[in-house]
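Colleague: sequence below, structure please.
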Amino acid sequence: MSPISLLPRSLLLRSTISSASSLFSASRSLSITSSKRTSTPPSSSSPSPAKPVYTPLATAKAQADGAAKVDGVVLSETNKAEKTYGRFWKAVNIKHTPEGIQILLDARPLRTPGGKPLLIPSNRAPVAFLIANEWENQKQILKNHALPMTSLATRALDSLAPTATSSEGLGQSKTHSEVCAALLRYLGTDTICFQEVRQHGDLVKLQEERWDPVLDWVREEYGLEVKVHDSLFSSRQPPATTAKLAEIISNYSSWKLAAFERAVYTTKSFLLALALVEGRLTVEEASLASHVEVDSQIRLWGEVEDTHDVDFQDVRRQLGSVKCFLIDSDATESNAA
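Modeller: Predicted coordinates for the structure are as follows:
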């Protein structure tokens, strides 16, 4: 059965479509750019030679002999990748089970790098659909960077999932606590808390447009004091602010923490990531807010083709996966009703 047919129509709401659209459009832009970089001019009328088959025996013999070719073709990392990470499945499907939703490559269920079954909670059917879509779009070589949803799910299941404790059911894993502590350190050097105040150019205007609304939201939503600095010295936030924000993320589920972690590392900002996962910012707004310094330089000096634009699309792809990963079908259906 096709993965699409298993999704209720009520899930295709505007917020879901917007987040998925950002993810897919960014991925498509990156794919087009990659193709432009690696494409070669078409050859003349002569037909292309048949693709050689690299048997393990031929490859081993060539390596033992120190040869650089097998069957007349130079061995390369790409050739090895095609042999090792090539697509081995014909169809991708999803299957509902009492434990959750499985993604099947032919009849084989996906597993995490840690060996656990990749089981998606039943209330996250859109996530299962998007993971299945990622694997369906792996054409020849398995590309890890094209599996953002899969990597978030494996992070949540392998490293951040609750663990059994002797005294009380399930408790937070050690990694969960360590990740929270590591992410909290970004608060002390948060991008949007260091602002230029000595000039009146594009940078200051962009800060006011994209950063100040987020700072105001944090102050109003949580009743916290958030300081803005113009120097690297004395840049700490008040202890009460740090303690409150630490409490907030320590209560995140493994799924939400995995999404928050990616958002922090992508934006280099604790507060932008918080606004994204809590629904204050859209993917596009968070992407633009994380790009303030670069955009100010582009306005001043111009854009470097295949660098600034590619970097921005990668940010959109990463943050799009974060937003999609947090879709809860139960909550979506409840809001729709």
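Colleague: pull the number of nearby residues for His176.
Modeller: Using other Cβ atoms under 10 Å, His176 is surrounded by 22 other residues. (Glycine included, C-beta is placed from N, CA and C.)
Colleague: what's the answer for Lys139, then?
Modeller: By other Cβ under 10 Å, the burial measure for Lys139, its neighbour count, is 10.
Colleague: ok, Ala161 next?
Modeller: 20.
Colleague: how about Phe325?
Modeller: That count, for Phe325 with other Cβ under 10 Å as the rule, works out to 28.
Colleague: next one: it relative to Leu152, how far apart?
Modeller: 5 Å (Cβ to Cβ, to the nearest Å).
Colleague: what does Glu247 give?
Modeller: Glu247 is 23 Å from Leu152, by Cβ to Cβ.
Colleague: Pro126 now?
Modeller: Using Cβ to Cβ, Pro126 is found at 13 Å from Leu152.
Colleague: just confirm Cys303 contacts Val310, I think it does.
Modeller: Cys isn't right for residue 303; it's Glu. No. Using Cβ atoms under 8 Å as the test, Glu303 is too far from Val310 to be in contact (10.8 Å).
Colleague: related to what we said a few turns ago, list residues touching both of Phe325 and Leu152?
Modeller: Common contacts of Phe325 and Leu152, defined by Cβ atoms under 8 Å, 6 or more residues apart in numbering, comprise 258-259.
Colleague: domain ranges for the protein?
Modeller: Domain assignment for the chain by automatic domain parsing gives 3-34+68-158, 172-336.
Colleague: let me see the mean pLDDT of the shortest one.
Modeller: Think domain 3-34+68-158. Per-region confidence: domain 3-34+68-158 scores 75 on mean pLDDT.
Colleague: go on, the last one?
Modeller: Here the mean pLDDT over domain 172-336 is 90, rounded to a whole number.
Colleague: now Ala246. Nearest residue, chain neighbours left out?
Modeller: Leu184 (5.3 Å; Cβ to Cβ, 6 or more residues apart in numbering).
Colleague: what helix or strand does the one you found sit in?
Modeller: Per DSSP states H and E: Leu184 is located in helix 174-184.
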